[in-house]
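Chemist: give me coordinates for this.
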Amino acid sequence: MIDVSAWVTHATREPSDDFLTAFDRRWRSAVTDGSATCAPLTDPLRSFVIAHVDRAAHKRRLRAVFVMPGADHDGDHGFTPMSDLVPGDMFGPQQLEVLHCGDGSPLAAALELAKTDAHVLVVPVLTERQFADIDVFDAHSASLLRPEYHGVVLPFMYAPLAEPFDETIEREDLLRASGYGTYTVDVDFSTDDALDVHRHLAVLLEDLCGEIAQNKADAAARVLLGAPLWPLVTVRAPETWDPERHLSADDARDGAGARRELP
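Modeler: As a prediction, the model looks like this:
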């Protein structure tokens, strides 16, 4: 925990080393929390996404909702990461907002929620296999969102670090055809400096939030020439970060998973 104000936390576009050190510690504690009542929150990829999007949303005072597998359960999901990192925030600690989608598509659930609230930022985590599932593929099109009327969906997609180049191109072509502009980050804490990994995604999210805001502003001004491409972040990470392999919807229903280990 670092006892600083939001002014200092968000003073620069690139977070400070002191903040990123505390940020990394907070993320790791969430992943290794054996007492967590919601197992998806201890998934390394999902908790990584939550921490980073929460920082970007906190800076802009956006309402962020994170889509998780499994059924709703008793109890809340705890406070947001930024509530711990900036405890003196004038808005006070904020509860983490989670939408459980059961065995359904997290992206389809996110798009449906965004259509009900023009101010919300909905964040699903999924794999390419889930995206291309023929049963729900049509429900994954970004064209379902009208930027002038609906909220925003910012999907994160898992991909293995060692994927062949041709598979990368095929995936990006598929996503572009569905209305998404792709951005890729490589996450490997076994070889890269932890602060550099966090800094890279933090700066990328600064750019993507600006891109989203511009899409919304252009739509409001009626100057869009066509449907915009909405950002989608591909996180290439070790196989142990695969959200399907790491945690199934059935596991989520049973409560918290085992204590996780991180490099």
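Chemist: which parts of stretch 188-200 are buried?
Modeler: Of the residues in stretch 188-200, those scored as buried under the neighbour-count criterion (16 or more other C-beta atoms under 10 Å) are F189, A194, L195, V197, H198, R199. For glycine as for every other residue, the C-beta is placed from the backbone atoms N, C-alpha and C.
Chemist: contacts for it, please.
Modeler: Here stretch 188-200 makes contact (C-beta atoms under 8 Å, 6 or more residues apart in numbering) with 14-15, 17, 20-21, 23-24, 52, 161, 185-187, 237-238, 262-263.
Chemist: starting at the chain centroid, how far to stretch 203-222?
Modeler: 17 Å (C-alpha atoms, centre = their mean, to the nearest Å).
Chemist: in the stretch 151-263 of the chain, which spans are helices?
Modeler: Under the criterion DSSP state H, counting those that start in this stretch, helices of the stretch 151-263 of the chain are mapped to 165-177, 194-220, 243-246, 249-253.
Chemist: out of the contacts of stretch 188-200, which is most surrounded?
Modeler: For those, counting by other C-beta atoms under 10 Å, the largest number of neighbours falls to F23: 26 neighbours.
Chemist: chain neighbours aside, what residue packs nearest to that residue?
Modeler: The shortest distance from F23 to any residue other than its chain neighbours is 6.0 Å, reached at H198 (C-beta to C-beta, 6 or more residues apart in numbering).
Chemist: pLDDT score for that neighbour?
Modeler: According to the per-residue confidence, H198 scores 97 in pLDDT.
Chemist: what are the phi and psi angles of L121?
Modeler: Phi and psi for L121, reported as degrees, to the nearest 10, are phi -110, psi 110.
Chemist: contacts only, for the residue sitting nearest the centre point of the chain.
Modeler: Taking C-alpha atoms, centre = their mean, the centroid of the chain lies closest to V49, which sits 3.8 Å from it. Going by C-beta under 8 Å, 6+ apart, V49 touches F66, V123, V125, F156, V235.
Chemist: try V203
Modeler: Listed by C-beta under 8 Å, 6+ apart, the contact set of V203 reads R13, E14.
Chemist: what does M82 give?
Modeler: Contact analysis of M82 by C-beta under 8 Å, 6+ apart lists D54, R55, H58, D89, Q94.
Chemist: try it again with 10 Å
Modeler: 6, 9, 23, 26, 51, 54-59, 89, 93-94 (C-beta atoms under 10 Å, 6 or more residues apart in numbering).
Chemist: again, but for T12
Modeler: By C-beta under 10 Å, 6+ apart, the contact list for T12 reads F19.
Chemist: how many other residues sit next to V223?
Modeler: Residues within reach of V223, counting by other C-beta under 10 Å, total 8.
Chemist: correct me, but it touches P147?
Modeler: No: proximity of V223 to P147 does not meet the contact threshold set by C-beta atoms under 10 Å, at 11.5 Å.
Chemist: now do the shared contacts for those two.
Modeler: When contacts are counted by C-beta under 10 Å, 6+ apart, the set common to V223 and P147 consists of A217.
Chemist: quick one: M90 from A109, how far?
Modeler: Computed as C-beta to C-beta, to the nearest Å, the M90 to A109 distance reads 32 Å.
Chemist: point out where this structure drops to low pLDDT.
Modeler: Where the chain drops to pLDDT under 70, the residues are 1-7, 11, 34-35, 74, 246-263.
Chemist: if we use 90, what do you get?
Modeler: Across the chain, the stretches falling below the confidence threshold (pLDDT under 90) are 1-14, 31-42, 70-78, 86-93, 162, 222, 224-227, 244-263.
Chemist: name the nearest residue to L229, ignoring sequence neighbours.
Modeler: Nearest in space to L229, with sequence neighbours left out and distances taken as C-beta to C-beta, 6+ apart, is G181 at 3.7 Å.
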